[in-house]
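Quick check, what structure comes out for this input:
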Amino acid sequence: MHAVVHRVTFNDRSAAESDLDRVVSGVTGMPGFVAGYWVGTSADAGVAAVMFDSEEAAQGFASFLRGAPAVPGVTLDRESIEVGQVMAHA
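Purely as a prediction, here's the structure:
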């Protein structure tokens, strides 16, 4: 299993939260999707970790993210997008 991890800045947190169901719905439909976690780390920042069943699927999602259209209220830190092997989970 592989994960795609990335950071975001909330420009308008309420707009971001309002659009989150649409974002999650789109991500869950990606090939190889296993699980996803979207975490607000502060009032104006967050991080997401999205798991995929293969490195290929994770790399495909990372490529999609790098070119993804803007989400209302959110700035994606495209430089923070990383793919890594999940070493353990519980």
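
Now the lowest-mean-pLDDT helix or strand in the chain: buried residues?
One helix or strand of the chain scores below all others by mean pLDDT, DSSP states H and E: helix 13-28, with a mean of 93. Buried residues in helix 13-28, counting neighbours by 16 or more other C-beta atoms under 10 Å, are found at 13, 16, 23, 27. All C-beta spots, glycine's among them, are computed from the backbone N, C-alpha and C.

how close does the nearest residue to residue 2 once chain neighbours are set aside sit to residue 14?
Once flanking residues are discounted, residue 2 sits nearest to residue 58: 3.7 Å by C-beta to C-beta, 6 or more residues apart in numbering. As judged by C-beta to C-beta, to the nearest Å, residue 58 and residue 14 stand 30 Å apart.

cool, and residue 80?
Counting by C-beta to C-beta, the separation of residue 80 from residue 14 is 23 Å.

likewise residue 29?
25 Å.

In what element of secondary structure is the nearest residue to residue 65 once chain neighbours are set aside found?
Among residues not flanking residue 65 along the chain, residue 81 sits closest, at 5.5 Å (C-beta to C-beta, 6+ apart). Following DSSP states H and E, one finds residue 81 within strand 74-85.

so what strands line up beside that strand?
When pairing is defined by DSSP bridges, strand 74-85 lines up against strand 2-10 (antiparallel).

Go ahead and produce PDB holding the CA coordinates of the strand it pairs with.
Only the C-alpha atoms of strand 2-10 are listed here, as PDB (Å, rounded to 0.1, in the frame of the first residue of the first chain):
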ATOM      1  CA  HIS A   2       1.200   3.500  -0.800                       C
ATOM      2  CA  ALA A   3       0.100   7.000   0.500                       C
ATOM      3  CA  VAL A   4       0.000  10.400  -1.100                       C
ATOM      4  CA  VAL A   5       0.500  13.100   1.600                       C
ATOM      5  CA  HIS A   6       0.100  16.800   1.000                       C
ATOM      6  CA  ARG A   7      -0.500  20.100   2.800                       C
ATOM      7  CA  VAL A   8      -3.100  22.800   2.200                       C
ATOM      8  CA  THR A   9      -3.700  26.400   3.400                       C
ATOM      9  CA  PHE A  10      -7.300  27.500   4.100                       C
END
